[in-house]
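Enquirer: no sequence on this one, just coordinates:
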C-alpha cells in the first residue's frame, strides 16, 4: 500500500471523532467520515505512526444502520454534521461505543453508567457561527458552513436542521442583502476582503435574537440599511440587538477589535432551571439550552452534599455551574480567563440574588497561586483542549477528596485522567450527556475521588 492508491474496504468500526477503521490485509487505515458497516472507496493519503490514512471518495454500500434519506438536504456536503444519516438512538449507541473504546485504550476500568440524550434533536442550537465565502473558486458569494473536508469552500444553507428556522431565514435574508450590495468576502489566505462571519444567538426560553455581523475594516457598512434588511426578516422570535464587529485578526476565528451596536442592545437573556443568565456576544454559554439542564443536573448530583462547603468552579464561563451550586454552598469561587464572561457572571449572580459567588478574571494557571484557601470541592469544565498540565498539577496539590470534571472532548479527558490517576485519583462515576445531536461530539461528566479517601 502506498500514497495515491485507490482501494475498497469495509469499515470495521468508527472511532472518536468519526474516524472509520478499515483493515487491508494486515494494514490499518483510518478514513474520516466513514461509518461502521459501510463499504467505501478511498484514496491512501499518507502513512503516520505505522498506520495509513485515507480520504473518502465514495460510499459503495451503506451501513445497515443508515437511513434511506437523511432529513437534512445539505448532509454530505456540509461539514457541520456527521450523523444525520443514522437514527438518534443509534447515534447515542455509537458515541457510547467510541468513548468506551477510548477508556479501554487509556487503560481505565471504569464504566459509563448512562448516556443522556438531548431533549431536542433538531433546532437545538442557541448559537451558530456562519462563514462568508464561495462554494467554488470564483463563484457567487455564499453564507453558511464549511464544505466537508474543505478549508475554503462554503456551503450555502437554506434549511439547517440543528438550528431554529429563524436562523435559516436570517441567513438567507442577509446573504441576499450583501449579494445585492456587491460586497466581497474575506479571503482567509490572501487576507483581503470584507465579510467574515455571521454569529446568531437565540434564547430558547424567550425567542430573543442577537445578530452579530463580523467583518474586516477593509470596507464600510451602511449600518442603517443593514438594520432595515435584518429587521424585515420573517421571524417567529424577536430581534433585540444587531451588532457590527470589526475583526482584522489574521486567524480564522471570531474575535473583536471593536464591536458597535447598530440596533437595540448587545445582550440577551437565557434561563436555566430558575436562574437567569445575561449572554453577551463573546460570552461562553452551552449551545444546547435544554441539554445543558440535563448536564448540570448530573453535575449537581455528582457534587453531592454541598452544605457549608467552599467550591472552586474552574473555567467557569458565565458562571452557570457556580450559580447552580451556590444556593446550597457556603461560597463558590469561579475562575475564567475571558473578562467579558466574568463581568456577565457577576451581573448574573446579582440578578439572581446570589451573594456567595465570587468571580475572578484570569488564567486558572496563575489565579490558583492566589487562591490560598483550600476548597472542599472542585468543579472543572475546561475548554476542548483540556487542562494545562501545570494548572492540573496545582489542582492536584490541593489534595482534596472529590472533584467533578466536565469535558466536551473525550480524548482530552483521557489524557487528563491519566495524570489524575498517577496522583492517586480514580473515576468513581461517569456518564455521557449528548449536547450535540447529529454531530460527532459528546459531553462527559466524571466524579474523581482520592483513592486514600475511599479505601481503608
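Expert: Structure's in. What do you need? This structure is a prediction, so every number in the text was calculated from the model and none was measured.
Enquirer: quick check: mean pLDDT of the strand or helix carrying residue 99?
Expert: Remark: residue 99 resides in helix 88-105, with elements defined by DSSP states H and E. In this model, helix 88-105 carries a mean pLDDT of 96.
Enquirer: also stretch 202-217?
Expert: In this model, stretch 202-217 carries a mean pLDDT of 97.
Enquirer: quick one: the nearest residue to residue 62 once chain neighbours are set aside from residue 56, how far?
Expert: Taking CB to CB, 6 or more residues apart in numbering, and ignoring the residues beside it in sequence, residue 62 has residue 38 as its nearest neighbour in space, at 6.1 Å. C-beta here means a position set from N, CA and C on the backbone, and glycine is covered the same way. The gap separating residue 38 from residue 56 is 9 Å, by CB to CB, to the nearest Å.
Enquirer: what touches both of those two?
Expert: Each of residue 20 lies in contact with both residue 38 and residue 56 under the rule CB atoms under 8 Å, 6 or more residues apart in numbering.
Enquirer: the stretch 51-200 of the chain: strands as residue ranges?
Expert: Counting by DSSP state E, counting those that start in this stretch, one finds strands in the stretch 51-200 of the chain at the ranges 51-61, 115-116, 127-134, 141-146, 154-156, 195-202.
Enquirer: please identify which of residue 38 and residue 56 sits among more neighbours.
Expert: Neighbour comparison, residue 38 and residue 56: the larger count goes to residue 38, with 24 against 19 (by other CB atoms under 10 Å).
Enquirer: ok, that one touching residue 20?
Expert: Yes: here residue 38 reaches residue 20: they are 7.2 Å apart, a contact under CB atoms under 8 Å.
Enquirer: overlap of the contact sets of the two?
Expert: Contact criterion CB under 8 Å, 6+ apart; residues bridging residue 38 and residue 20 by contacting each: residue 11.
Enquirer: beta partners of residue 211?
Expert: Here residue 211 shows beta-bridge partners residue 200, residue 242, assigned using DSSP bridges.
Enquirer: quick one: contacts for it?
Expert: The contact partners of residue 211, taken as CB under 8 Å, 6+ apart, are 170, 198, 199, 200, 230, 239, 241, 242, 243.
Enquirer: what separation is there between it and residue 97?
Expert: For residue 211, the distance to residue 97 (CB to CB) stands at 39 Å.
Enquirer: hang on, the earlier thing: got the contacts of residue 211 as JSON lines, with distance to residue 327 and neighbour count columns?
Expert: Shown next, in JSON lines, are the contacts of residue 211 (distance: CB to CB, whole Å; neighbours: other CB atoms under 10 Å):
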{"residue": "170", "distance to residue 327": "37", "neighbour count": "26"}
{"residue": "198", "distance to residue 327": "38", "neighbour count": "24"}
{"residue": "199", "distance to residue 327": "32", "neighbour count": "19"}
{"residue": "200", "distance to residue 327": "32", "neighbour count": "21"}
{"residue": "230", "distance to residue 327": "39", "neighbour count": "20"}
{"residue": "239", "distance to residue 327": "33", "neighbour count": "20"}
{"residue": "241", "distance to residue 327": "30", "neighbour count": "20"}
{"residue": "242", "distance to residue 327": "36", "neighbour count": "23"}
{"residue": "243", "distance to residue 327": "33", "neighbour count": "21"}
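Enquirer: which among those residues gets closest to residue 427?
Expert: residue 199 (35.9 Å; CB to CB).
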